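Undergrad: Quick one: sequence and predicted model below, then my questions.
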Amino acid sequence: MENKQIVKVAKNLYWVGVVDWNIRDFHGFTVPKGVSYNAYFIDGEDPTLIDTVKDGFGEELLKKISTITDPKNVKNLIVNHIEPDHSGCIEMVLKACPDAKIYASEVAKIGLEKYFDIDREIIVVRTGDEITVSGRRIQFVEIPMAHWPDSIVSYMPDEKILFSSDAFGQFIATSERFDYEMDTPPYEDASVYYANIILPFNHYVVKTVEAMTKFNVTPEMILPDHGIIWTKHIPDIFNHYVSWATGACAKGVLILYDTMWKSTEKMSEHLYNEITKRGVDVKKIKLRNTPLSTVVNAIMHSKVVLIGSPTMNDTIFPSIGTLLSYIQGLNPGPNRVWSAFGSYGWGGGAVEHIVKFYKENQYELVAPAVEAKFKPNCEEYGELTKLAEAVVKKIEEMKE
Ligand code: FEO
């Protein structure tokens, strides 16, 4: 049986990462399946560690390295990305590996020196730079903003192995390490991960794919810092990334709403019925009990998004306010169109708030928002029907 603790990836190349089975909240991102923090180790005359793991798992990482070689022998530490889930134990690792040279991007160098007590020089690498470790060439490509400004990928061109950092990751805790070990490749997990981590950087994803092509980075194995290693399904995951980055994956309508005394819920039901009976697929999500990470993935896969909120104390309902705050940074505005609906009792406020948000963030409105006092009457149901008709027309136009 193969060792599942230290997994051989290729000759003298091992996964030495850790699996965080218990985590359910990754800096606010709901992760019902847990997370793995992947690190990789190249053995040979120049033992080299590629990335580390989150604080609290450093001892486990070092224990794994110790079963291959004494950490004191480690010659190089390549830091593809400085976010603390990959660098949180770096001080412990540096202490255990006193002779390891650190390689990182210029931005990573600044970040590492600010975040941590780094006891040695950091060697800055740029796109096109190459080092040789244990007789194997490693090239670097900067991929700023996928996920942070410091991000790079490391590539072994002779073996076509890409250490992709956050890119192509998934938040799943599993003892399987390769895509071919899974019953179904984890595209859905990769999609949720993309929607919550990479979405603001769509433009950079497209540029990264272009840069990888330009620098002849054509991997046959992708080793991300989270989740499983891609081997058999690389063209598929590449195609998914392009589809998510360009909005090509978006289909149908998404109704997101919350409700106090069911008036906004009635409005959402009317919209749902009027759109589906015209032959368009609709997904309807009540926000209060749905993790935002799930909601954002649903937004990424929709052409039209309708957000409904009751007015509470002259303003937006709290769960809808949280949604708007969450998506403001993720910026799913482009590649889809939007509108709003909602109810109020005394004075309005919620719908106006949502529309203002759309305008301030340059989201395209598909049709005017609809507001109902107390509960929707005939006239207000008529306005919702008009909104539904405009949505269906837009969906038809977007197909062309
Ligand atoms: Fe997995 Fe951007 O850290």
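TA: Looks like it came in fine.

Undergrad: residues near Pro98, how many?
TA: 11 (other CB atoms under 10 Å). C-beta coordinates here come from the backbone N, C-alpha and C atoms, glycine included.

Undergrad: I figured it was touching Lys72, is that so?
TA: Yes - counting by CB atoms under 8 Å, Pro98 does reach Lys72; the two are 6.5 Å apart.

Undergrad: Contacts only, for the residue of the stretch 201-350 of the chain found nearest the ligand.
TA: The ligand sits closest to Asp225 of the stretch 201-350 of the chain, with a gap of 5.4 Å, by CB to the nearest ligand atom. Applying CB atoms under 8 Å, 6 or more residues apart in numbering to Asp225 gives the contacts 17, 37-39, 51, 80-81, 85-86, 164-166, 169.

Undergrad: now, which of those residues lie within strands?
TA: 37, 164-165 (DSSP state E).

Undergrad: Convert the lowest-mean-pLDDT helix or strand in the chain to PDB, retaining C-alpha atoms only.
TA: Ranking every helix and strand in the chain by mean pLDDT, DSSP states H and E puts helix 202-214 at the bottom, with a mean of 77. Provided in PDB are the C-alpha atoms of helix 202-214 (Å, rounded to 0.1, in the frame of the first residue of the first chain):
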ATOM      1  CA  ASN A 202     -10.800  37.300 -13.700                       C
ATOM      2  CA  HIS A 203      -8.800  39.600 -15.900                       C
ATOM      3  CA  TYR A 204      -5.500  38.300 -14.400                       C
ATOM      4  CA  VAL A 205      -6.700  34.700 -14.900                       C
ATOM      5  CA  VAL A 206      -7.000  35.400 -18.600                       C
ATOM      6  CA  LYS A 207      -3.600  37.100 -18.600                       C
ATOM      7  CA  THR A 208      -2.100  34.200 -16.600                       C
ATOM      8  CA  VAL A 209      -3.300  31.700 -19.100                       C
ATOM      9  CA  GLU A 210      -1.800  33.900 -21.900                       C
ATOM     10  CA  ALA A 211       1.500  34.200 -19.900                       C
ATOM     11  CA  MET A 212       1.700  30.500 -19.400                       C
ATOM     12  CA  THR A 213       1.100  30.000 -23.100                       C
ATOM     13  CA  LYS A 214       3.800  32.600 -23.900                       C
END
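
Undergrad: touching the ligand at all, that helix?
TA: No - on the criterion CB under 6 Å from any ligand atom, helix 202-214 is out of touch with the ligand, staying 13.1 Å away.

Undergrad: ok, now which ones touch the closest residue to the ligand within the stretch 101-250 of the chain?
TA: The stretch 101-250 of the chain approaches the ligand most closely through His147 (3.7 Å), counting by CB to the nearest ligand atom. His147 sits next to 81, 83, 165-167, 197-198, 201 when contact means CB under 8 Å, 6+ apart.

Undergrad: Of these, which ones also sit close to the ligand?
TA: 81, 83, 166.

Undergrad: what about the last one, neighbour count?
TA: Put plainly, it is Asp166. 22.

Undergrad: repeat for Ile327
TA: Ile327 has 23 nearby residues by other CB under 10 Å.

Undergrad: Use 94 as the first number from now on
TA: Sure, I'll start counting at 94 from here, so that last one is Ile420.

Undergrad: Looking at the contacts of His240, which one is closest to Asp407?
TA: Closest approach between the contacts of His240 and Asp407, by CB to CB: Ile290, at 35.0 Å.

Undergrad: still on that earlier bit, now the residue of the stretch 294-443 of the chain closest to the ligand: closest residue in space that isn't a chain neighbour?
TA: Asn131 (4.9 Å; CB to CB, 6 or more residues apart in numbering).

Undergrad: so that neighbour touches Leu316, yeah?
TA: Yes - in terms of CB under 8 Å, Asn131 counts as a neighbour of Leu316; the distance is 6.9 Å.

Undergrad: Those two: which is more packed in?
TA: Taking other CB under 10 Å, Asn131 and Leu316 do not tie; Leu316 has more neighbours (29 against 26).

Undergrad: How about the more buried one: which residues does it bridge to?
TA: Per DSSP bridges, the residues bridged to Leu316 are Phe256.

Undergrad: Show me which residues of the protein sit near the ligand.
TA: 174, 176, 178-179, 240-241, 259, 318-319.

Undergrad: Which of these fall in helices?
TA: Among the residues of the chain next to the ligand, the ones falling in helices (DSSP state H) are 178-179.

Undergrad: will you turn the residues of the chain next to the ligand into TSV that also has pLDDT?
TA: Below are the residues of the chain next to the ligand laid out as TSV (pLDDT from 0 to 100):
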residue	pLDDT
His174	97
Glu176	96
Asp178	97
His179	97
His240	79
Trp241	85
Asp259	94
Asp318	97
His319	98
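
Undergrad: show me where the chain has helices.
TA: 151-159, 177-180, 183-189, 199-208, 280-286, 295-307, 327-339, 356-369, 385-393, 411-423, 443-453, 471-492.

Undergrad: For the shortest one, which helices and strands make contact with it?
TA: So that's helix 177-180. If you count contacts as 3 or more CB pairs under 8 Å, 6 or more residues apart in numbering; DSSP states H and E, helix 177-180 packs onto strand 128-130, helix 199-208.

Undergrad: Then the third one?
TA: Where contact means 3+ CB pairs under 8 Å, 6+ apart, helix 183-189 is packed against helix 151-159, strand 169-171.

Undergrad: Give the rounded mean pLDDT of the last one.
TA: When pLDDT is averaged along strand 169-171, the result is 98.

Undergrad: Each with direction, which strands does that strand pair with?
TA: In its sheet, and by DSSP bridges, strand 169-171 pairs with strand 141-143 (parallel), strand 194-197 (parallel).

Undergrad: of these, which approaches Phe233 most closely?
TA: strand 194-197 (7.6 Å).

Undergrad: Restricting to C-alpha, output the closest one in PDB.
TA: What follows is strand 194-197, C-alpha atoms only, in PDB (Å, rounded to 0.1, in the frame of the first residue of the first chain):
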ATOM      1  CA  LYS A 194      17.700  29.900   0.800                       C
ATOM      2  CA  ILE A 195      14.400  31.600   0.300                       C
ATOM      3  CA  TYR A 196      13.100  32.300  -3.300                       C
ATOM      4  CA  ALA A 197      10.100  34.500  -3.700                       C
END
